[in-house]
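**Student:** just need the structure, nothing else, for what follows:
(one chain, ligands or ions: 1)
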Amino acid sequence: MQYVDFSIRQYERLLDAALAGGYEFLTVRDYLLTDENELPERFVIMRHDVDRRAELSYAMANAEAVRGISATHYFRTYTFDGPEARRLVDMGHEVGYHYEDLSKTRGDVDAAHERFAENLEAFRAFVPVDTVCAHGSPLSPQHNASMWEDGPSLESYGLMGEGAYSIDTGRNSTDDLRYISDTGRDWNVEVDGWGTLHSTDGVAEMLEAGGHPHIYVLAHPGRWSHTRRGMAHRIAWDLAAESAKAAVKYPKTVIRTVTRQGGVPGLIPSSGSEESTPAEKPVAEPATAENVLVENAPVEDATESVDAESQTPSDPVTQTAD
Ligand SMILES: [Zn+2]
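**Tutor:** As a prediction, this is how the structure comes out:
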């Protein structure tokens with residue numbers, strides 16, 4: 001097998017490098033719950049937005065669990081499977097809702113809240129959900145996190161935070177928390193003394209040396225692959241989504257709330273929630289509780305003309321483990 005920089009093997013390398021560099025791993029929930037002065041000296045918050053290909057999320061979850069690492073996995077209604085989610089929680093992971101209710105209701109905030117509540121309840125039939133994170137639908141003008149500007153708050157749903165908006169990142173943030181994302185398969189992160197890092201190899205080397213103490217990683221399982229063939233397919237898929245996203249301008253959004261004790265209250269700049277992601281090709285729904293999720297029916301998504309899936313190549317490749 002030829003070398004692939006965004007493969008599950010490389011992901012494992014990233015984890016091992018961070019452990020070797022003395023980092024502790026935190027879920028989003030862990031981070032929000034921990035007082036600033038109680039945080040580990042070096043830590044990585046590991047978040048996954050599971051836009052498609054839940055099986056790759058499970059592969060990452062396994063890779064994490066065997067290393068004693070807990071991460072946060074945010075599932076869309078598309079990718080959520082109750083028993084599998086329960087299995088992840090039993091492995092020590094946090095599971096959350098990767099919501100897109102405002103885009104699905106075409107900007108109707110009241111309907112979005114209603115849909116959000118129903119989906120949250122469906123998730124919670126299987127797993128505790130303490131945090132949620134907005135999905136960035138590439139062709140929809142509704143920024144999903146805008147639903148928090150009016151109406152019920154996150155707290156009113158018993159939620160402690162939002163995976164992107166409740167965490168302050170950047171050089172001026174409380175923790176100098178450095179956010180890095182695999183978007184476009186380019187980490188593109190600047191670290192003092194390391195320049196700008198693009199490859200997984202580069203980020204792994206930086207972590208192994210403890211190059212920056214506080215890191216927030218967003219890794220989309222759907223962008224990683226077991227095989228080179230799968231990777232070629234992923235890239236074609238992503239290019240279609242990226243070009244679709246480029247045509248859409250999102251409004252700037254800020255929402256209230258930071259719930260981490262000791263954190264800075266107030267409005268939080270957004271970072272990194274604009275992940276461009278085509279929806280998964282509709283498939284026959286298994287007879288699971290997944291079916292109770294609102295609007296998980298293939299027919300609705302297939303008819304939504306603004307959805308990215310109409311713009312992207314089909315995805316028939318069956319991935320094989322190497
Ligand atoms: Zn997403």
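
**Student:** what sits against Phe25?
**Tutor:** Phe25 makes contact with Ala18, Phe43, Val44, Ile45, Met46, Glu64, Ile69, Ser70, Ala71, according to CB atoms under 8 Å, 6 or more residues apart in numbering. C-beta here means a position set from N, CA and C on the backbone, and glycine is covered the same way.

**Student:** from Asn144, how far off is the residue in the chain positioned nearest to the ion?
**Tutor:** The nearest approach of the chain to the ion comes at His135, 3.6 Å away (CB to the ion). Separation of His135 from Asn144 (CB to CB, to the nearest Å): 6 Å.

**Student:** intersection of neighbour lists for these two?
**Tutor:** With CB under 8 Å, 6+ apart applied, the overlap between the contact sets of His135 and Asn144 consists of Tyr99, Glu100, Ser103.

**Student:** got the buried residues for stretch 56-74?
**Tutor:** By 16 or more other CB atoms under 10 Å, the buried positions in stretch 56-74 come out as 56-61, 63-65, 69-74.

**Student:** the residue of the chain closest to the ion contacts Tyr99, correct?
**Tutor:** Yes: counting by CB atoms under 8 Å, His135 sits close enough to Tyr99 to count as a contact (6.5 Å).

**Student:** tell me which of these two has more neighbours.
**Tutor:** With neighbours defined as other CB atoms under 10 Å, His135 and Tyr99 compare such that His135 has more, 29 against 26.

**Student:** if I look at that one, what pLDDT would I see?
**Tutor:** With respect to pLDDT, His135 has a value of 95.

**Student:** and the stretch 1-150 of the chain, which residues reach the ion?
**Tutor:** Within the stretch 1-150 of the chain, the positions near the ion by CB under 5 Å from the ion are Asp49, Asp51, His135.

**Student:** for the last one, what are its contacts?
**Tutor:** Read that as His135. Counted by CB under 8 Å, 6+ apart, His135 has contacts Asp49, Asp51, Arg76, His98, Tyr99, Glu100, Ser103, Asn144, Glu275, Thr277.

**Student:** can you count the residues close to the residue nearest to it when sequence neighbours are not counted?
**Tutor:** Among residues not flanking His135 along the chain, Glu100 sits closest, at 4.2 Å (CB to CB, 6 or more residues apart in numbering). Other residues lying near Glu100 total 26 when counted by other CB under 10 Å.

**Student:** before we move on, what about Pro152?
**Tutor:** Pro152 - counted by other CB under 10 Å - has 14 other residues nearby.

**Student:** what does Val95 give?
**Tutor:** 28.

**Student:** likewise Asn144?
**Tutor:** By other CB under 10 Å, neighbour count at Asn144 equals 25.

**Student:** now do the contacts for the nearest residue to it once chain neighbours are set aside.
**Tutor:** The shortest distance from Asn144 to any non-neighbouring residue, by CB to CB, 6+ apart, is to Ala134 (4.0 Å). By CB under 8 Å, 6+ apart, the residues touching Ala134 are His98, Tyr99, Glu100, His143, Asn144, Ala145, Glu162, Ala164, Tyr165, Ser273.

**Student:** those into TSV, with extra columns for secondary structure and pLDDT?
**Tutor:** Shown next, in TSV, are those (DSSP: H, G, I helix; E, B strand; the rest coil; pLDDT from 0 to 100):
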residue	secondary structure	pLDDT
His98	strand	98
Tyr99	strand	97
Glu100	coil	96
His143	coil	91
Asn144	helix	95
Ala145	helix	94
Glu162	strand	96
Ala164	coil	91
Tyr165	coil	90
Ser273	coil	39
